[in-house]
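# Next comes the sequence, and after it the predicted model I'd like to discuss.
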Amino acid sequence: MKLLRAFVTLLFVVLLVVPSRRAFAAGEDAAVTNIVDGVLSEEYAAGNFAPAQAKLNDALSRCIRKGCSGATKAQVYVALGMVASQLGKADEAKTNFTNAVQNDANAKLPEKGATPNIKQQWDAAKGGGAAAPEETPGVAPAGWNSKEAYDLAIAATKAQEGQRYGECIEKDKASLALDEQPRTRLHLASCEYRSNKLIDALRDSQKALEVGIQKRDAAVMKVARERVKQLIERIPKITFKPPPGNVTDLAVTFDGRPVPGDSLTKKFSIDPGKHTVVAEGKINGYTAQKFEKEVEVAEAATVVVEIVLQPQDGALTPQQIKCLEDIPKTLPLDEIQKRITECIGEKKNNIVIKLGADLNAYTDTTSVQVVSPGVNGSVSSPTSGWNVGASYLLDVVSAASPDIVSYASPPFREIRHAVSANGGYKPKLYGVQANGNISVEPDYLSLSIGAAATADLNDKLTTPRFGINYSHDTIGKGSTPFSVYSKEFYSTTFDLGLTQVLSPTTVLQAAATAQFERGDQSKPYRHVPMFSPEVAKAVKAGATIRLSDTNRLQFRPLEQLPTERDRYALAVRLIQRLGKSTLRAEERFYMDTWGIIASTTDVRFLVDINKRIRVWPHLRLNGQTGADFHKRAYTATTLKNGVVVLPLYRTGDRENAPMGTVTGGGGARYGIGNLEAESKAGLTFALDIMYSRFFDSLYILQRTAAYATVAFDVEF
Amino acid sequence: MAQIRTIVFKAALVVVALAVTSGCVKVMPYERGTLALPSMTTEDIAIGIDGHVRGVSEGAAGGLSGGGGGCGCN
């Protein structure tokens, strides 16, 4: 009895506590049914077949693990079959439908969401029904107007499964162009959302809703409505706060697209992510105000971009302009300058450093070649008014010194070193400048010093200049030490100049030079041929060396020049700006106590092609008479006592003879790097061809020379 | 010859004086931007070996050796 009572009690407890399999199944049925309904009304209706399939498979697994009724399993299989059909997997659809029927003979398709294709496949799976028609190439499946559109939609779905949202968008758009299907439109919106294109996703969701309403597709309407609501809440917005003050011509762009001026303070819907805002405008009529900002916008955020216009590099701020406008015009000029400096503020960099290097080359038809590299540098303070500079030059000459045109000497190579230094100070209106030079060759030493003073008068429009220069040269011969053989030569030069600003685009300069040379500057290597008076008359200009040697007298004295020479020059230079070009024209009149009169005209026309490139042609004309003592053929006579009477002064230097020179060429300068930066660099090229005609000289009647320069300069 | 030289020099001085004094206008500081351009410098803009070649290949010498000023600036 006791044993029976215990068994019954145990049986009661088991029945009470342990739920029946059916009870278990019933609990899972409800959960799985909810999952299936949710998938069909959301993912399936939105065309998100891959997530739909995944959820349904999970639900099926749950059924298998925990147990569901046959009817519930059939619902899952029906839904899986519908998804497979939409994915174009007809066999899989049929299998799922068959499984559904096997689990529940009363299984049926849901009222909504079954396309004609699905219905045919379902009928075929239920048995006895017409088999789902095989796809006929070129024929659109049921429910579609275009086979191509259908294929594109399938391709878009596969792209979405592979997370290739760009391809998904492209395929869906192409499909919609052929056949407007609301589910395709929703699928497109889904891919756009995943690509962070919320604006496009909202637009397509709204359109899908419209089409769903037109076609009375409740599933589409439900999903589209929910999607639109979600997107509206997630789409970020942007608005702008215009700059304060008297701002005109304000132009604002957002990611390169102009923003209407009267809509700046409205809220614009934008996609989340990085965006660029650029604004330009004028404040108080002054240009060069700019604003640029990159903003990062998150979903659902509202961003306010405050536009603050800033002056560009080099432009004045409104405060600086106001300060300048407040300076009384009646103040003295130096006081005005001081107030201007205070308004603008001290420049951070008060020192300007310039460095340069150049390479020069010369060659002419008298077999003279020169290669000459050089370097130079200077440091200055424009605000303090001081400057210092130095340069070094190396001449490698293939002919004799002191000049590079030496035809009477045997050719040989010579090297000349030249060093110069200069410095000056001009704090306000008055300034002084000093310079020193040393030139050293094996047979020539030149030392010179100079100084000049300038004054800025007439509101800096008139600048007179007075300068003085003194040089002391020691002339040697070959490799003979100066202590053994040398001659001294001195030169003192006074120059008086005037610079006058004639107009905002015109400057005129004038200068007068008086140079007093003392000492014997005769070339120690130059021998001058002598002829008898009868022969001299027949010697023509340009007579060859052979002809001269054949007909000259036996003795060939050295050149002898006067030991005094006073030289005067008067020059004017006109600098005229013409549009984007500058004309620089110079004229010099010259005369000296040796009887030489000369006129030199030099013209350059500089064209600013752009901020970086400047080019210029160059023309120079020079003509001169010969020295009083110059003769083409000098005569010497021998007295009866055997004494030879030579001309007191005699020269073989063609630059003391009548001659004319035409020089033509040009150059260009190219600015390197950022022209607005504090450091500026440039490359300059120049080439000139010089043609000289000697009207009354021996040996040669003409000479052609070419010389070129390549220079690099930098300023920082 | 000496008389000719004197006449030439006097004429040149007159020309320069006329050129300097005629056509002058008051140029305000805010109008001097063009004068500050590199190509408007009053210094000799010949570069490299140019000056040296001129000095040894021409019988004349002297003239403009640098003016200073001209832009109304320091």
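Now that the structure is in, tell me what you want to look at.

# Show me where chain B dips below the pLDDT cut-off.
For chain B, the stretches flagged by pLDDT under 70 are B:1-24, B:65-74.

# hey, where'd the helices end up in it?
B:2-21, B:50-57 (DSSP state H).

# Count the neighbours of residue A:613 for me.
The local packing of residue A:613 (other CB atoms under 10 Å in any protein chain shown) involves 13 other residues. The way it works is simple: take the backbone N, C-alpha and C, and place the C-beta from them, glycine included.

# Can you list phi and psi of it for me?
Phi and psi for residue A:613, reported as degrees, to the nearest 10, are phi -120, psi 130.

# residues contacting it?
A:668-671 (CB atoms under 8 Å, 6 or more residues apart in numbering or on different chains).

# Give me the three-state assignment for residue A:79.
Assigned by DSSP: H, G, I helix; E, B strand; the rest coil, the conformation of residue A:79 is helix.

# Looks like it contacts residue A:56 (just checking).
Yes - the criterion here is CB atoms under 8 Å, and residue A:79 meets it with residue A:56 at 5.2 Å.

# And the buried ones among the contacts of residue A:613, selectable in PyMOL?
Typed into PyMOL, the next command selects the buried ones out of the contacts of residue A:613 (criterion: 16 or more other CB atoms under 10 Å in any protein chain shown):
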select buried, chain A and resi 668+669
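
# among the contacts of residue A:613, which are in reach of chain B?
Among these, no residue lies close to chain B (CB under 8 Å from any CB of the partner chain).

# Narrow the contacts of residue A:613 to those in strands?
A:668-671 (DSSP state E).

# hang on, the earlier thing: let me know the closest of the contacts of residue A:613 to chain B.
For these, the minimum distance to chain B (CB to the nearest CB) is 8.5 Å, reached by residue A:669.

# Only alpha carbons, please: show the host helix or strand of residue A:290 as PDB.
Take DSSP states H and E as the rule and residue A:290 turns out to sit in strand A:286-297. What follows is strand A:286-297, C-alpha atoms only, in PDB (Å, rounded to 0.1, in the frame of the first residue of the first chain):
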ATOM      1  CA  TYR A 286      38.100  94.500 -48.700                       C
ATOM      2  CA  THR A 287      38.700  91.200 -50.400                       C
ATOM      3  CA  ALA A 288      40.900  88.200 -49.500                       C
ATOM      4  CA  GLN A 289      38.700  86.900 -46.700                       C
ATOM      5  CA  LYS A 290      38.300  83.200 -46.600                       C
ATOM      6  CA  PHE A 291      37.000  80.400 -44.400                       C
ATOM      7  CA  GLU A 292      37.500  76.600 -44.800                       C
ATOM      8  CA  LYS A 293      36.600  73.900 -42.300                       C
ATOM      9  CA  GLU A 294      36.100  70.200 -42.400                       C
ATOM     10  CA  VAL A 295      33.300  68.900 -40.200                       C
ATOM     11  CA  GLU A 296      32.500  65.300 -39.100                       C
ATOM     12  CA  VAL A 297      28.800  64.700 -38.700                       C
END
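
# Go through the helix or strand that that strand is followed by and flag the buried ones.
Following strand A:286-297 in sequence order, the next helix or strand is strand A:302-306 (DSSP H and E). Going by neighbour count (16+ other CB under 10 Å), the buried part of strand A:302-306 is A:303, A:305.

# Next, count neighbours for the residue in chain A that chain B sits nearest to.
Proximity of chain A to chain B (CB to the nearest CB) peaks at residue A:463, 2.5 Å away. Residue A:463 has 26 neighbours, counted by other CB under 10 Å.

# Hmm, it is touching residue A:453, no?
No - if you go by CB under 8 Å, residue A:463 and residue A:453 don't touch, sitting 10.9 Å apart.

# picking up where we left off before, which of the helices or strands spans the residue of chain A closest to chain B?
Going by DSSP H and E, residue A:463 is part of strand A:462-475.

# Summarise which helices and strands the helix or strand just after that strand is packed against.
Counting by DSSP H and E, the next helix or strand C-terminal to strand A:462-475 is strand A:487-503. Counting contacts by 3 or more CB pairs under 8 Å, 6 or more residues apart in numbering or on different chains; DSSP states H and E, strand A:487-503 is packed against strand A:462-475, strand A:506-519.

# ok, and for the last one, which residues are buried?
Buried residues in strand A:506-519, defined by neighbour count with 16+ other CB under 10 Å: A:506-513, A:515, A:517, A:519.

# Which elements pack onto that strand?
strand A:487-503, strand A:564-578, helix B:2-21.

# can you tell me which residues contact residue 49?
Just going to use chain A. Contacts of residue A:49 (CB under 8 Å, 6+ apart): A:43, A:83, A:86-87, A:157.

# wrong one, chain B
With CB under 8 Å, 6+ apart, residue B:49 has these contacts: A:360-362, A:370, A:372, A:707, A:709.
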